[in-house]
Every structure is written in C-alpha cells, then in structure tokens.
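[1] with the sequence up front, the predicted model follows.
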Amino acid sequence: MTGPRRIGQSVPEVAGKVLGKRGLAFGALITDWPSIVGHQLSLRTAPDKLSFPRGKREEATLHIRAMGAIALELQHLEPQIIERINSFFGYRAVAKIKLVHAALPSAPSPVVRPRTLTMDEEITVTTTTSAVEDEELRATLERFGRSLLARPKRAAR
C-alpha cells in the first residue's frame, strides 16, 4: 500500500483510461474548446478526434464536428483556428483541420429547480396521504407528491 499521491500524478492515469487513444491533448481540447475558438463558434462546433502521424506527437489532423453553413465558415477560419490551437498548446500540435458533417454531442440538460409549494398544495399532499397507516410509506408518498407538484408546469402547445 502506498501513501497519498499528488493529484497531478493521478490525472494522466485516469484521463488516459477515459480518453483512450485520443490522449490528454484531446482532453484539453474538449475542456478548453470555448476559450480556444470563442464562445459563438464553440456552440456550433466540437472537436471530434485528434489524429497524429504515426510515431509523432505534433502536426496532427484535428477532426471537427460541424453541421450546415458553419462548415463553410470553418474553412475560411482554418488558419486562425490552427494558430489558436497551437498557441494554446505552445507547439505545432495541429497542422490541418478536417471537417466532419455530424451532429454535435448533446449538452447535458439544465437542472430544473423545483418550485416551492403553496399552502393549499401542502395541505392537499398531507390530506391525501393521511389515510396511509405505515409511517415510512406515508412519508415516501408525501415526498413523491411534493416532487410531482413542485415540477415546473409545461407550456401549452
């Protein structure tokens, strides 16, 4: 058994397993993509794969996911994007960009905070569950009822 380790020693080991062949450079591209290409461009594009030539760790081809008209804009911005990426890494990590016509990975849905129940809703929950004799079951049903009532109302279609 070994003692405590610095987190910097563990990150490459853990991230390497997660990113597989893509490596740590690709992980940095994913996490810092908005700061590299700008917020607006990052909303409509995503790094897909970083392919290095065999035996080299520089002059890679960056595959970027994009759909529709943004692909044309990316072609025009290719020199600037490559320059920004290489400035980010501090060496000539990327030599060219290849566009991949594909949907962007879905962003996690935003966390919806439940609203506070009104007094009438609280009374409805407790009176509805008051006939349940088992305390644990009644408490569970009350929590469930509160969570259902606290959900935001859907907009009418």
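    Yep, it's here.
[2] is residue 91 in a helix, a strand, or coil?
    For residue 91, the assignment made with DSSP: H, G, I helix; E, B strand; the rest coil gives coil.
[3] now do the contacts for it.
    residue 58 (Cβ atoms under 8 Å, 6 or more residues apart in numbering). In short, each C-beta sits where N, CA and C put it, glycine included.
[4] quick check: phi and psi on it?
    Main-chain torsions, residue 91, degrees, to the nearest 10: phi -160, psi 170.
[5] what sits closest to residue 146 if chain neighbours are left out?
    residue 125 (5.7 Å; Cβ to Cβ, 6 or more residues apart in numbering).
[6] wait, doesn't the one you found sit right on residue 145?
    Yes - between residue 125 and residue 145 a contact is recorded at 4.2 Å, counting by Cβ atoms under 8 Å.
[7] now the element after the lowest-mean-pLDDT helix or strand in the chain, going C-ward?
    Within the chain, no helix or strand scores below helix 7-19, which has a mean of 51 by mean pLDDT, DSSP states H and E. Downstream of helix 7-19, the first helix or strand assigned by DSSP states H and E is helix 23-37.
[8] is it true that residue 53 lies in a helix?
    No - per three-state DSSP, residue 53 lies outside any helix segment and is coil.
[9] wait, what's in contact with it?
    Residue 53 sits next to 59, 60 when contact means Cβ under 8 Å, 6+ apart.
[10] distance of residue 64 from residue 136?
    Noted for residue 64: a distance of 53 Å to residue 136, by Cβ to Cβ, to the nearest Å.
[11] between these two, which has more neighbouring residues?
    Neighbours per residue, other Cβ atoms under 10 Å: of residue 64 and residue 136, the larger number sits with residue 64, 23 against 8.
[12] okay, and that one sits in which element?
    strand 60-66.
[13] which other residues reach that strand?
    25, 29, 44-53, 74, 82, 85, 93-105.
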